[in-house]
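In: just a sequence and a predicted model for now, questions to come.
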Amino acid sequence: MAVIRLGYVHVRVTDLAEARQHYEQTLGMDTVHEENGRTYLKSWDDDDHHSVVLEEGGVGLVKFGYKVTDDGTLETIESKVSSFGASCERMSKGDNAGVGDGLRITLPSEHVLELYSEVERLGTKVGKLNPDPWPRDLRGIGVPRINHALVTTEDPALLERFFRDVLSFRPAERLVAGDEDSDLVGSWMYCGDQPHDIAFVKGANGKLHHFAYEIDDWSALLRAGDIMSMDDVPIDFGPARHGITRGGTIYFFDPSGNRNEVFAGGYRTGPDFRPITWTMDQAARGINYTHREIDQDFLRVVT
Amino acid sequence: MKAVRVVPHDIEVWARPGESVVDALRRYGWRSPYKCRRGGCGACRAQLRAGELLYPRAVADSVLSATEQAAGACLPCRAVPLTDVVIDLGSQPLRAVLASSAPHKNPDPAEQEGP
Ligand code: FES
């Protein structure tokens, strides 16, 4: 049984037309489906039906979905959720376009997390037979695929325990204010061999800090920054390197103020990876290794 | 152009038609507190002391509700002055910056006037 990766992020946007302009033209995603005021999009190297859903009205996270293996993972997790004392319900095929039956969990942080193993495959744009490394007709940044999300929670230690005990994630990096469990400020956790598939920091329950797209390397980051300047996209910070995960980054905002990231690099983890600890006095270096300084608001500003 | 006075810093700038308070300040070299500049995060939240503001683009109720707005709260990154206005940033700082606003793209040659 295993959780494979972040499959989709479903966010609210104040203006659907402006949001589509950003996600399609600036980021380069393709709309694959529209229904009930929702727009479903995928990136060129996403194999599955979609990875982002935009819904008009408000800002912030509606829910996110992680794909799991189809060897009884959903049943195992369902029973683990109830022994943990959290709540979950069955999700039905069609609740999300292209996605099959699954589980809908309300996390201890009040975020809605969906798990599924069945999903329609629309295929990557380069295909699976003798493919080119990238498609010729990319728009804007041309983000290849979604990578991770960072959310906020009142109780990081509790959420870390949930992801560990129920979903078998492991922490790669932990930001701590002291030795007690209650001193955990943030945790970057993985399910495969990435440095993180989900991360959370202390803050209000139910909020989204950002979701990230993976891009090739440092020069792809710089080019992404060029496109953001051409399209007057507000930058939060970057290009810079994270101490935590060692990835390269630019944080920026969509037209509704939801934070996005383009993320490149980072090390590999795996089942024997021993977690890294960051202390609060080094938090700025952990988040922005290049500048060693972050805006006080960086961790507080969420949608 | 509408006058935008920022207190307690006592700075005055002029906003172009349709320009937000934050963009007008940036054009004059002032960086007020903001993050997303898109009305989503609430980082720029301030108090309107005088005048009237318009929000040409939708702002989420969770960021600025009608009740908060009635009590004088505003989002300078999305608020466009309808009249001369006074904005109170409280104890939040105003920093001097050199910021370039949205670029003027090269005009479409087809739309350029002839000689
Ligand atoms: S800066 Fe985010 S709401 Fe104004």
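Out: Yes, it's here. Keep in mind the model is a prediction, meaning the values are calculated, not measured. Numbering: from 1, shown residues only, chains lettered A, B, ... in the order given.
In: how about the strands in chain B?
Out: For chain B, the strands defined by DSSP state E occupy B:2-7, B:11-15, B:30-31, B:46-50, B:53-54, B:73-74, B:80-81, B:85-88, B:95-96.
In: now those strands in a markdown table, with distance to A:Met189?
Out: Using the backbone N, CA and C atoms, a C-beta is placed for each residue, glycine as well. Output for the strands of chain B, formatted as a markdown table (distance: least, CB to CB, whole Å):
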| stretch | distance to A:Met189 |
| --- | --- |
| strand B:2-7 | 43 |
| strand B:11-15 | 45 |
| strand B:30-31 | 35 |
| strand B:46-50 | 37 |
| strand B:53-54 | 43 |
| strand B:73-74 | 37 |
| strand B:80-81 | 43 |
| strand B:85-88 | 42 |
| strand B:95-96 | 36 |
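In: most packed of these?
Out: For the strands of chain B, average neighbour numbers computed from mean count of other CB atoms under 10 Å in any protein chain shown are highest in strand B:80-81, which has a mean of 24.
In: now do it: which elements does it pack against?
Out: Using 3 or more CB pairs under 8 Å, 6 or more residues apart in numbering or on different chains; DSSP states H and E, the elements in contact with strand B:80-81 are strand B:2-7, helix B:21-27, strand B:53-54.
In: pretty sure A:Asp47 is touching A:Val119, no?
Out: No: between A:Asp47 and A:Val119 there is no contact under CB atoms under 8 Å: 9.1 Å.
In: neighbour count: those two, which is higher?
Out: The residue with more neighbours, out of A:Asp47 and A:Val119, is A:Val119; 21 against 13, by other CB atoms under 10 Å in any protein chain shown.
In: quick one, what contacts that one?
Out: A:Val119 makes contacts with A:Gly7, A:Asp48, A:His49, A:Lys67, A:Gly98, A:Val99, A:Gly100, as judged by CB atoms under 8 Å, 6 or more residues apart in numbering or on different chains.
In: give me the buried entries from the residues you listed.
Out: The neighbour-count criterion (16 or more other CB atoms under 10 Å in any protein chain shown) marks A:Gly7, A:Asp48, A:His49, A:Lys67, A:Gly98, A:Val99, A:Gly100 among the contacts of A:Val119 as buried.
In: show me which of those residues is closest to A:Ala212.
Out: Closest approach to A:Ala212 among those (CB to CB): A:Gly7, at 14.0 Å.
In: got a list of what A:Gly123 touches?
Out: Listed by CB under 8 Å, 6+ apart, the contact set of A:Gly123 reads A:Asp47.
In: no, scratch that, I was asking about A:Gly72
Out: The contact partners of A:Gly72, by CB under 8 Å, 6+ apart, come to A:Met1.
In: so which residues on chain B come close to the ligand?
Out: Taking CB under 6 Å from any ligand atom as the measure of proximity, chain B contacts the ligand at B:34-37, B:39-44, B:63, B:75, B:77.
In: no further queries at this time; thank you.
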